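>>> coordinates for the following, if possible.
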Amino acid sequence: MLTIGTPNDAIAYYMAKDPQTGEQLVKLGDSLRHGMVAVALSLLVLWMWAFRGYWDWIGFPNIS
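Have a look, this model is predicted:
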């Protein structure tokens, strides 16, 4: 769920500081929150594909 694992996000996290106060502008919680949304959307797409397309593709009879 953490998007901070990619090199470009790690650089953005490291460099996202206010030049006057030195306060970190991007928090790890931001990455976690956006990562959770990405995981939820990907799981939704996976389950929709599994229930709608996969069973028809392998030849199970249509229930409806």
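
>>> hmm, residue 17 is touching residue 23, no?
Yes: between residue 17 and residue 23 there is a contact under Cβ atoms under 8 Å: 6.7 Å. (C-beta placed from N, C-alpha, C; glycine too.)

>>> more neighbours: which of these two?
Higher neighbour count among residue 17 and residue 23: residue 17, with 13 against 9, using other Cβ atoms under 10 Å.

>>> hey, what's that one bridged with?
Assessed by DSSP bridges, residue 17 has beta-bridge partners residue 24.

>>> mind listing the helices for the chain?
For the chain, the helices defined by DSSP state H cover 7-15, 28-49, 55-58.

>>> quick one: the first one to helix 28-49, angle?
To tie it back to what came earlier, the one meant is helix 7-15. Interaxial angle of helix 7-15 relative to helix 28-49 (axes from the mean of the first three to the mean of the last three Cα atoms, to 10 degrees): 150 degrees.

>>> point out the other helices and strands that helix 7-15 packs with.
helix 28-49 (3 or more Cβ pairs under 8 Å, 6 or more residues apart in numbering; DSSP states H and E).
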